[in-house]
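Chemist: Structural data only, the sequence is not supplied:
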């Protein structure tokens, strides 16, 4: 599980520049601050043996400044109801829940109000269950939020995914209205191994950041042994170990094992992490990575029911642009890159009849183009513009019948025009997927096919940009954006729904002039028949509708917009008729 998404810390980037020449920021043994508590708690249902973690398909713990969980405990879990009889608990709770953990539905009021109601009823913790009311919610969506109420919260509050919520509900209702759950403090967490989950067997190189994080929840101790047992596809095992002479009580450390060169064989490498400090089954952690025939990938190849992308609000705040990338390291042999594989999960929401508005750009960057041993990504993907080595693009408006479909886009060398690119040996590269939704003007962000999450070191392995901020990846999913090597058989073109799904306004039925415009912008309509209603909108670069004009019972005629006072820049004219719709880009040039 990846840490919660956060902007890349520039201090971290600076440190990274100094150490990247050797390890590209290997996760070295380090002591964490005592307030670094993310991922240090699990919620367990003893009756079903189900365990849920912070993040993917699990929960988010509201970061209360008043209450910290410093010891494990179990307590009865029950539904809470307010005086209205509802489990929303926005009003005072009717019953006494002293010593119990209460289950509350999300909605109608903010989270902190629910927690305060539960606290006043004697509850020792509150769990708020997510719903499916939001269009982009799925079973694994975990809500987050900031409370606006002035009153502090003195009990722990957890916000859960639907997957976890449904498991809790089933346990409660299947046990006569009450079940026990346990809050377990994690002692071993965050296993990390390969630079990318999928690596072509021809590109295998030494792994320098196989590591595990440990929190010593016992007394001071000495001679602590950490082990990483690697179970290879050929049935053999390799064993790595580290001994720490002394470990203080409450110490929070990351332990990095010696470099490991896996054999260049195809298959799954399973890594089992353990220690002699804690020996319960929950303290043995598992991870894995895969050697493939031809594919680099940061995704886990386990497609999820959901999808990966920005919220529509964040997409709008990003000027309707979404860029996401994955970092790959070649082995000492180098090789030829030929395709990039990805998938789009919401084509019906974002694609318009105009193919020029439905483009996903694919860019392959040399991530260290000046070869100084430092990855050049610091604050935005524009840092890498000098390192563009190959490109490709997917053009719609195909609407996929299967939203989990993957397809491959061929790469072209930007210097030679060849349909592949020679990768340097032992070198980093980024694959970037770019989507600009301004022309489509749907307001909906592209959502890529995704997989379950994987642990990576906290350097930008799967970065994305939103609102001008560089983030280090999504907390609960990986975008499928694979770099394919020579010999790869591309995924076939996606199966589309019938073309009758689209109603494009033929270019012969309208004309926009002048373009560029200054004082006036004129739309000249020449429709086939009389339309009961035609709506034309002038839209800003930020997606804001500046002016709407509606004409009724119209076949031919002119619709005029006054652009005299508009700042110079690009705009959209969105035309909706009974014979089809279209969005066209226009330019306004004003010297005023």
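Modeler: Everything's here; your move. This is a predicted model, so every value here is computed, not measured. Numbering: from 1, shown residues only.
Chemist: Give me the contacts around stretch 404-420.
Modeler: Residues external to stretch 404-420 that are found in contact with it (C-beta atoms under 8 Å, 6 or more residues apart in numbering): 303, 336-343, 345, 360, 362, 364, 388-394, 421, 449, 480, 484, 486, 488, 490-495. (Each C-beta comes from the backbone N, C-alpha and C, glycine too.)
Chemist: Nearest spatial neighbour of residue 370, chain-adjacent residues omitted?
Modeler: residue 376 (7.1 Å; C-beta to C-beta, 6 or more residues apart in numbering).
Chemist: Checking that neighbour next. Helix, strand or coil?
Modeler: coil (DSSP: H, G, I helix; E, B strand; the rest coil).
Chemist: Might you report the residue contacts of it?
Modeler: Residue 376 makes contact with 367, 368, 369, 370, 383, 384, 386, 387, according to C-beta under 8 Å, 6+ apart.
Chemist: what are the ranges of the helices in the stretch 401-550 of the chain?
Modeler: With helices called from DSSP state H, counting those that start in this stretch, the stretch 401-550 of the chain shows none.
Chemist: Low-confidence ranges, it, go.
Modeler: Per-residue confidence for the stretch 401-550 of the chain (pLDDT under 70) gives these ranges: 458-459, 497-504, 540-545.
Chemist: The stretch 251-400 of the chain now?
Modeler: Using pLDDT under 70, the stretch 251-400 of the chain drops low at 356.
Chemist: Around residue 209, how many other residues sit close by?
Modeler: The local packing of residue 209 (other C-beta atoms under 10 Å) involves 21 other residues.
Chemist: that's a helix at it, yeah?
Modeler: No. According to three-state DSSP, residue 209 belongs to no helix; its state is coil.
Chemist: returning to what we had before: can you flag the buried ones in the contacts of residue 376?
Modeler: Neighbour counting over the contacts of residue 376 (16 or more other C-beta atoms under 10 Å) leaves 367, 368, 384, 387 as the buried ones.
Chemist: In strands, which of those fall?
Modeler: Applying DSSP state E to the buried ones among the contacts of residue 376, no entry is found in strands.
Chemist: which among those residues gets closest to residue 212?
Modeler: Within the buried ones among the contacts of residue 376, proximity to residue 212 (C-beta to C-beta) peaks at residue 367, which comes in at 26.9 Å.
Chemist: Run through the residues that contact the closest one.
Modeler: Residue 367 touches 327, 375, 376, 377, 384, 387, 427, 428, 429, 430, counting by C-beta under 8 Å, 6+ apart.
Chemist: burial measure for the closest residue to it other than its chain neighbours, as a count.
Modeler: With sequence-adjacent residues excluded and distances taken as C-beta to C-beta, 6+ apart, residue 367 is closest to residue 428, at 3.9 Å. Residues lying near residue 428 (other C-beta under 10 Å) number 22.
Chemist: what's across from residue 428 in the sheet?
Modeler: residue 329 (DSSP bridges).
Chemist: doesn't residue 375 make contact with it?
Modeler: Yes. The criterion here is C-beta atoms under 8 Å, and residue 428 meets it with residue 375 at 5.6 Å.
Chemist: how far does whichever strand or helix holds residue 212 sit from the chain's center?
Modeler: Assigned by DSSP states H and E, residue 212 belongs to strand 211-215. Counting by C-alpha atoms, centre = their mean, to the nearest Å, strand 211-215 is centred 24 Å from the centre of its parent chain.
Chemist: Each with direction, which strands does it pair with?
Modeler: By DSSP bridges, strand 211-215 pairs with strand 188-192 (antiparallel), strand 252-256 (antiparallel).
Chemist: Does anything pack onto whichever helix or strand comes after the first one? Which helices or strands?
Modeler: Remark: after strand 188-192, the chain's next helix or strand is strand 198-200, criterion DSSP H and E. In this structure, strand 198-200 makes packing contacts with strand 285-292, strand 295-296, judged by 3 or more C-beta pairs under 8 Å, 6 or more residues apart in numbering; DSSP states H and E.
Chemist: 6 Å instead, please
Modeler: Counting contacts by 3 or more C-beta pairs under 6 Å, 6 or more residues apart in numbering; DSSP states H and E, strand 198-200 is packed against strand 285-292.
Chemist: The strand it packs on vs strand 188-192, what angle?
Modeler: When axes from the mean of the first three to the mean of the last three C-alpha atoms, to 10 degrees is applied, the directions of strand 285-292 and strand 188-192 differ by 10 degrees.
Chemist: Now find how far off-centre strand 285-292 is within its chain.
Modeler: With C-alpha atoms, centre = their mean as the basis, strand 285-292 stands 20 Å off its chain's centre.
Chemist: Other residues contacting that strand?
Modeler: 188, 191, 193-194, 197-201, 266, 268-273 (C-beta atoms under 6 Å, 6 or more residues apart in numbering).
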